[in-house]
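Compute the structure for the input listed below.
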Amino acid sequence: MDPAVLGLILVILTFLGIISGIHIGVVLLVLSLLGSWMATGDLVVSASLLGTGPFYSLFSYEIVVIPLFILMGLFVVVSGSSEDIYKAFNLVLSKIPGGLAIATVASNAIFAAITGVSIASAAVFSKVALPEMRRLGYDHKFALGTIAGSSVLGFLIPPSVLLIVYGIFSRESIGKLFIAGIVPGLLLTIVYSLGIITMVKFKPSLAGGGSQKCEKISVKEIASSLFNTWGAMALIVMVLGGIYSGFLTPTEAGAMGAISAFVLGVIKKKINKQSIVYALHETGLITASFFLLFIGAQMYSRMLAITGTVQLITDTLVGLPLAPLLILILIFIVYIMLGAFIDSISIMILTLPIMIPVVETFGFNLIWFGILSTITIEMGLLTPPFGMVIFVMKSTIGEGVDIEDIFRGIIPFLLMMIGTLAILVAFPVLCTWLPGYM
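Predicted coordinates for the structure are as follows:
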């Protein structure tokens, strides 16, 4: 059998295995061994990949940044800083139509600059924001859609786990990718906020119909609430400022962030033995799951290279009688379709070994493509039938919410994400401007 055809068959088997419910890391490892064996005809050589693959996959200074940022985010959650951020924005934006929904978006943007994980944002703000929006009579689907839509900022605004993964596979500077995500993240935040104001203006019932009385809020209350966010703001300035200035590498920034988040929790008297054990345990579980994925993906990419599948796909796409931009759109459509069945990190790990050679062949800027890919893959977290953010919200909220309500509420936010993506495609400088100064 032709090695390239074998590779394509194994790619199809990969998706069938994932859809059937087998852990994606296991699927990648098994098929990598099988594919290498069938392509080389030597089981001993193929089996040696199991010994060298894990070592060389994780033997990277950059990859240490992932557990560090995860630990930082968990310490921030334990410290209660997310609630402080939400309360502050709630007071500041209380007079604006749909102010509570905009406060949720703005709070998620700030929270994203600390955690880097959308699922964490969805879980936290399902507990923090939803009860308050329900109390003020917000439309049920609109409230759920706001929380789900704004949670995806966690994977776009730095530090972002997805951008770290992309940087490792593309060999682009993780620091530059982090900085590149700032402007698109702020743009999506602004688009969401303007969209909420527009929706509430044309349909006031979405935000309680304006019938509830706004409590009079003093300047002192607002100032006090904003002051309570000092810890979270200091973390953001330290992490992003350290990376942008070149004073800290992303890995060093992750370490400093984790330590500082722990100290913040101690100062706020929220850190105890149970919270420390919880943060370390969750960090270990998430990191172990990711490392299994990463090892499998690295071995899988070697198998695709051995069989010539990557080159075959690249030559096929380049040979299509289509403009490069249309090829790019096709790639994004594939990402959105995959997002309906696979989580975002798995999508990136699974497809980057194939997509990056294609993107390089067409001469696209890899930092720009990384930001666009992140946004597109994030859409998959919100799409049926298996949008992960939706199921995390359902699990967090429990009774009183239907999956269908969340999916319906998210539609306007998906449209706003598509609009933001179109702006970034039309104006690549929005992604490349800040990194150019590093």
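
what's the longest helix in this protein?
In the chain, assigned by DSSP state H, the helix with the most residues is helix 273-307.

For that one, enumerate the helices and strands it packs against.
helix 3-19, helix 24-40, helix 43-58, helix 65-79, helix 344-362 (3 or more Cβ pairs under 8 Å, 6 or more residues apart in numbering; DSSP states H and E). Just so you know, the C-beta spots here come from the backbone N, C-alpha and C atoms, and that holds for glycine as well.

I'd like those helices laid out as CSV, including mean pLDDT, distance to P184 and mean neighbour count.
Shown next, in CSV, are the helices and strands packed on helix 273-307 (pLDDT from 0 to 100; distance: least, Cβ to Cβ, whole Å; neighbours: other Cβ atoms under 10 Å):
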stretch, mean pLDDT, distance to P184, mean neighbour count
helix 3-19, 73, 29, 17
helix 24-40, 78, 27, 21
helix 43-58, 67, 29, 14
helix 65-79, 80, 19, 25
helix 344-362, 81, 16, 21
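
Please convert those to CSV, extending it with distance to G185.
Shown next, in CSV, are those (distance: least, Cβ to Cβ, whole Å):
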stretch, distance to G185
helix 3-19, 29
helix 24-40, 27
helix 43-58, 29
helix 65-79, 16
helix 344-362, 16
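
quick one: which of those is nearest F202?
F202 lies closest, by Cβ to Cβ, to one member of the helices and strands packed on helix 273-307: helix 344-362, at 32.2 Å.

between the closest one and helix 24-40, how many degrees?
If you take axes from the mean of the first three to the mean of the last three Cα atoms, to 10 degrees, helix 344-362 sits at 40 degrees to helix 24-40.

Tell me how far helix 344-362 lies from the chain's centre.
The chain centre lies 16 Å from the centre of helix 344-362; the measure is Cα atoms, centre = their mean, to the nearest Å.

before we move on, back to that, now for the helices and strands packed on helix 273-307, which one comes closest to P204?
Per Cβ to Cβ, nearest to P204 of the helices and strands packed on helix 273-307: helix 65-79, 33.7 Å.

Identify all contacting residues around the closest one.
82, 111, 114-117, 120, 124, 159, 161, 164, 174, 231-232, 235, 250-251, 253-255, 257-258, 260-262, 264-265, 268, 270-271, 275, 278-280, 282-283, 286-287, 290 (Cβ atoms under 8 Å, 6 or more residues apart in numbering).

Just the buried subset of those residues, please.
82, 111, 114-117, 120, 124, 159, 161, 164, 174, 231-232, 235, 250-251, 253-255, 257-258, 260-262, 264-265, 271, 275, 279, 282-283, 286-287, 290 (16 or more other Cβ atoms under 10 Å).

Just the residues you listed: which are in helices?
Using DSSP H, the buried ones among the contacts of helix 65-79 in helices are 82, 111, 114-115, 120, 124, 161, 164, 174, 231-232, 235, 250-251, 253-255, 257-258, 260-262, 264-265, 275, 279, 282-283, 286-287, 290.

May I ask which helix or strand of the protein has the lowest mean pLDDT?
Ranked by mean pLDDT, DSSP states H and E, the weakest helix or strand in the chain is helix 43-58, scoring a mean of 67.

which residues of the stretch 251-400 of the chain score low on pLDDT?
Under the criterion pLDDT under 70, the flagged ranges of the stretch 251-400 of the chain are 310-311, 340-341, 343, 384-388.

Please repeat the previous calculation with a cut-off of 80.
The stretch 251-400 of the chain contains residues with pLDDT under 80 at 286, 289-322, 337-347, 349-350, 353, 380-400.

backbone phi and psi for V401, please?
phi -140, psi 140 (degrees, to the nearest 10).

residues in contact with it?
Residues counted as contacts of V401 (Cβ under 8 Å, 6+ apart) are 140, 144, 393-394.

Looking at those, which are in helices?
Of those, the ones assigned to helices by DSSP H are 140, 144, 393-394.

And the residues you listed, which is closest to G409?
Lowest distance from G409 to the ones in helices among the contacts of V401 (Cβ to Cβ) belongs to L144, with 4.3 Å.

secondary structure class for E399?
Secondary structure for E399, judged by DSSP: H, G, I helix; E, B strand; the rest coil, is coil.

who's in contact with it?
E399 neighbours (Cβ under 8 Å, 6+ apart): none.

ok so L130 is a strand residue?
No. Judged by three-state DSSP, L130 forms no part of a strand; its state is helix.

Now do the contacts for it.
143-144, 147, 397.

these two touch, right, T14 and L31?
Yes. Using Cβ atoms under 8 Å, T14 is in contact with L31, at 5.7 Å.

shared neighbours, these two?
Y300.

Model confidence for the most centrally placed residue in the chain, exactly?
When Cα atoms, centre = their mean is applied to the chain, the residue found nearest the centroid is F155 (2.3 Å). F155 is assigned a pLDDT of 77 by the prediction.

Begin at 42, not 1, for the rest of this chat.
All right, first residue 42 from here; so that's F196.

Now do it against A153, distance only.
8 Å (Cβ to Cβ, to the nearest Å).

Then I308?
Using Cβ to Cβ, I308 is found at 23 Å from A153.

what do you get for L289?
The gap separating L289 from A153 is 19 Å, by Cβ to Cβ.

which one of those two has more residues nearby?
A153 (29 against 20; other Cβ atoms under 10 Å).

V193 contacts L422, doesn't it?
Yes. Using Cβ under 8 Å as the test, V193 is close enough to L422 to be in contact (6.1 Å).

just the angle between the helix or strand hosting I412 and helix 385-403, please?
Here I412 sits within helix 407-421, counting by DSSP states H and E. Helix 407-421 runs at 140 degrees relative to helix 385-403, counting by the same axes, to 10 degrees.

on that earlier part again, what's the angle from the longest helix of the chain to helix 44-60?
Angle, helix 314-348 to helix 44-60, by the same axes, to 10 degrees: 150 degrees.

Tell me which helix or strand comes right after helix 314-348.
Next along the chain after helix 314-348, taking DSSP H and E as the criterion, comes helix 350-360.

Quick check: what element follows that next one along the chain?
Moving toward the C-terminus from helix 350-360, the next helix or strand (DSSP H and E) is helix 365-380.

for that next one, which positions count as buried?
Buried residues in helix 365-380, counted by 16+ other Cβ under 10 Å: 365, 368-369, 372-373, 376-377, 379-380.

Residues touching it, excluding its own?
The list of residues contacting helix 365-380 from outside it, by Cβ under 8 Å, 6+ apart, reads 358, 361, 363, 388, 391-392, 396, 399-400, 403-405, 410, 413-414, 417-422, 424, 428, 462, 466.

All set, thanks.
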